[in-house]
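>>> Prediction below, plus the sequence it came from.
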Amino acid sequence: MTPSVVISGTGLWKPAHSISNEELVEAYNAYATQFNQQNLSAIEQGEVTSKPLSSAEFIEKASGIKSRHVYVKEGILDINRMRPKIRLRSEDELSDQAEIAIHAAKDALKAANKTPDDIDVVIVSCAYTQRSYPALAIEVQGALGIQGFAFDMLVACSAATFALHRAYEMIAAGTAKGVLVINPELTTPQINFCDRDSHFIFGDVATAMVVESADTADSEHVFEILSTKAVTQYSNNIRSNFGYVSHANDVDPFAADNLFHQEGRKVFKEVCPMAVAHISEHLQRHQLGAEEVSRWWLHQANINMNTLISRKLLARQPTLEEAPIVLDTFANTASAGSIIAFHLHHKDLHSGDIGLLCSFGAGYSIGSLVIKKQ
Ligand code: CO8
């Protein structure tokens, strides 16, 4: 019989710096006021649109976000810069994303009771990689002294779950003995801090997970992956047009259109029913009712989305213990959100308890795993 595939350890790295809604709004509003004063006559003539003011109360009510961790705080709150000031590293230094990936990876290896010798595949999967090649995953592999192979994957908000799916398949097929899935979500360089509608949404973090066969797992908290399910459906409602072709398009690769932008309302309306249908179908595959799921580690983009999705599934409001929320302090961390929720809220589960890990977001993309505590 094929041995079962398990998640045997998770890791989390969070930056030392954070920015509260109040700090962020104060800086944005000062920037917007300065912009409106500097462009007064063009605004009056209808040539330039004035910048509306932001509000900390709106942000918390509309999203559930109170604060976010940021890799580099310097520059973000400077109204004459409005973006982090990240030092350019030389080619012989570790890159920023590889460094934060390694912090999370070491934490996950420790939790899984594993050393680099137990790993033979590294997947770095996230919303953006800071360069095309060499792959960040290979840089991480080299720095950790791991044999085997490594590759990068980009699937926006579903990068972590989709990479876990690939890890599951490799272990099940016997083509890998231990897979390290790492999600260094360095989102702040892509945020348009001059845009009221999106300046508050994201934070920086890195997560990691070790996936291996149940035969080799010996850590304290082991979760068997019962099955995986993924779906994608093309949508223009969440976009970043930044890319290497910008150089040939004769456009500024960092112009507003090339940064993260979205039709937030449409995303909310379209993704919630997709996620409910996806999760219901996935649970049905195991003849499981929603009430039989002990823990929901849902994507962390917006608290109102999570409330709506879990209410539809459970026909009641779940407790915070059942469906933990981490976006109040982490904000939306792209694909890492559901993994942070898992990392912080899995140790109290008992043998046989069922949990559901699910991401949803840009693409659109939805990825889920039904898992069982060993
Ligand atoms: N302060 C005050 N008012 C504001 C603000 C603000 N900061 N922002 C918007 N408003 C105003 C609007 O302009 C609007 O005014 P009006 O009614 O006069 O037009 C009013 O408030 C209401 O605006 P919305 O209808 O847009 O407000 P919502 O209640 O819909 O909340 C949200 C906005 C929070 C964005 C919400 O729509 C949402 O969360 N939607 C889901 C979005 C989502 O999940 N997106 C996923 C994106 S993440 C992802 O897929 C990963 C991408 C890769 C990572 C990228 C890293 C950079």
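Perfect, thanks for sending it.
>>> What is the burial count for residue 289?
Here the count is done by other C-beta atoms under 10 Å, and residue 289 has 12 residues near it. From N, CA and C alone the C-beta is placed, and that goes for glycine too.
>>> what about it, distance to residue 151?
Taking C-beta to C-beta, to the nearest Å as the measure, residue 289 falls 38 Å from residue 151.
>>> Spell out which residues of the stretch 151-300 of the chain are next to the ligand.
Taking C-beta under 6 Å from any ligand atom as the criterion, the neighbours of the ligand within the stretch 151-300 of the chain are 156-157, 187, 190-191, 196-197, 200, 202, 238, 260, 262, 264-265, 267-268.
>>> Surely residue 18 is in contact with residue 68?
Yes - applying C-beta atoms under 8 Å as the test, residue 18 and residue 68 come out as touching, 6.4 Å apart.
>>> Please save the CA atoms from stretch 199-213 in PDB.
Backbone C-alpha positions of stretch 199-213 (Å, rounded to 0.1, in the frame of the first residue of the first chain) are rendered in PDB as follows:
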ATOM      1  CA  HIS A 199      -2.700  51.100   0.200                       C
ATOM      2  CA  PHE A 200      -3.900  49.200   3.300                       C
ATOM      3  CA  ILE A 201      -4.300  45.600   2.000                       C
ATOM      4  CA  PHE A 202      -1.000  43.800   2.200                       C
ATOM      5  CA  GLY A 203       1.900  42.900   4.500                       C
ATOM      6  CA  ASP A 204       5.200  41.000   4.300                       C
ATOM      7  CA  VAL A 205       5.900  37.600   5.700                       C
ATOM      8  CA  ALA A 206       7.400  34.200   4.900                       C
ATOM      9  CA  THR A 207       6.000  30.700   5.600                       C
ATOM     10  CA  ALA A 208       7.300  27.200   5.000                       C
ATOM     11  CA  MET A 209       6.100  23.600   5.300                       C
ATOM     12  CA  VAL A 210       7.700  20.200   5.200                       C
ATOM     13  CA  VAL A 211       5.900  17.500   3.300                       C
ATOM     14  CA  GLU A 212       7.100  13.900   3.500                       C
ATOM     15  CA  SER A 213       5.900  10.300   3.800                       C
END
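>>> Neighbours of the closest residue to residue 156 other than its chain neighbours, how many?
By the measure of C-beta to C-beta, 6 or more residues apart in numbering, the closest residue to residue 156 outside its immediate chain neighbours is residue 362, 3.6 Å from it. By other C-beta under 10 Å, 23 other residues sit near residue 362.
>>> Provide a list of residues in contact with residue 362.
Listed by C-beta atoms under 8 Å, 6 or more residues apart in numbering, the contact partners of residue 362 are 127, 156-157, 235, 238-239, 262.
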